[in-house]
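Participant: how would this look folded up:
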Amino acid sequence: MYPNEFWSPVVLSLKVSSLAGLIAFILAGYVAWKMTGRRFRGKLVIETLIMLPMVLPPTVVGFLLLVAFGRRGVIGRLFEQMSGLPIVFTWGAAVIAASVVAFPLAYQSAKAGFASIDRDLAAAGRSMGASEWQLLLWVIIPLARRALITGFVLAFTRALGEFGATLMLAGNIPGRTQTLPTAIYMAVESGDMKLAWVWAGLMVLISFGLLAFFGPRSEQDEV
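Facilitator: Below is the predicted model:
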């Protein structure tokens, strides 16, 4: 039986990844729904900003988040004034970092799912008096459910493996903000390769299982 020191980063990573995946899933789904099929000035800029966390080095993303959510940042200072608590170096900071880097994957998947839906179905729903929320809940989401589930899985697995941005914003405090990637890094640094292998293998199994059952599928795979 492994001690608490082993399970602490495992439990924290699953908690952070689940919450970050859910946040990315909800926000990305809403933004994708608003963006799909619409043309307006500035759309290219917005979509480029959405995709930036996917291509920027995680340390750069973490630095920008630290500027915004740190004690001297606008959001971080305001939050601390209101709650008396800082954002940085907490497990909530790890959720923020993971949500940001996972958002682009959830957005791309949701956007592809919404784009594949026949617009005539939405028009028919509106002609029958359905509100936008009724249309979204009863028509759009059921038709795009496969893409939305895939988006959540991709967001979860990306959040599970997040390292750089999390380290910058949340730190690596054992039992408090130490996730599996940072725990693996520290295990390697200390020469405990056996423990690093066990943690790394656990991450691979979790990610592989989720992607195998709920990951992206081609039309040939569906047949």
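
Participant: chain neighbours aside, what residue packs nearest to A147?
Facilitator: G113 (2.5 Å; Cβ to Cβ, 6 or more residues apart in numbering). The way it works is simple: take the backbone N, C-alpha and C, and place the C-beta from them, glycine included.

Participant: what residue lies at the spatial centre of the chain?
Facilitator: With distances taken as Cα atoms, centre = their mean, A102 lies nearest the centre of the chain, 3.0 Å away.

Participant: now that residue: which helix or strand?
Facilitator: In the assignment (DSSP states H and E), A102 maps to helix 91-115.

Participant: low-scoring stretches of the protein, by residue?
Facilitator: 1-2, 122, 217-223 (pLDDT under 70).

Participant: counting neighbours, what do you get for L160?
Facilitator: Other residues lying near L160 total 23 when counted by other Cβ atoms under 10 Å.

Participant: on that earlier part again, residues contacting the nearest residue to the residue nearest to the centre of the chain once chain neighbours are set aside?
Facilitator: Spatial nearest neighbour of A102, excluding adjacent residues (Cβ to Cβ, 6+ apart): A155 at 3.9 Å. Counting by Cβ atoms under 8 Å, 6 or more residues apart in numbering, A155 touches 20-21, 24-25, 28, 102-103, 105-106.

Participant: need the residues you listed in JSON lines with distance to L14, can you?
Facilitator: Listed next are the contacts of A155 as JSON lines, based on distance: Cβ to Cβ, whole Å:
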{"residue": "A20", "distance to L14": "11"}
{"residue": "G21", "distance to L14": "10"}
{"residue": "A24", "distance to L14": "16"}
{"residue": "F25", "distance to L14": "16"}
{"residue": "A28", "distance to L14": "20"}
{"residue": "A102", "distance to L14": "14"}
{"residue": "F103", "distance to L14": "19"}
{"residue": "L105", "distance to L14": "18"}
{"residue": "A106", "distance to L14": "18"}
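
Participant: if anything else comes up later, I'll come back, but that's it for now.
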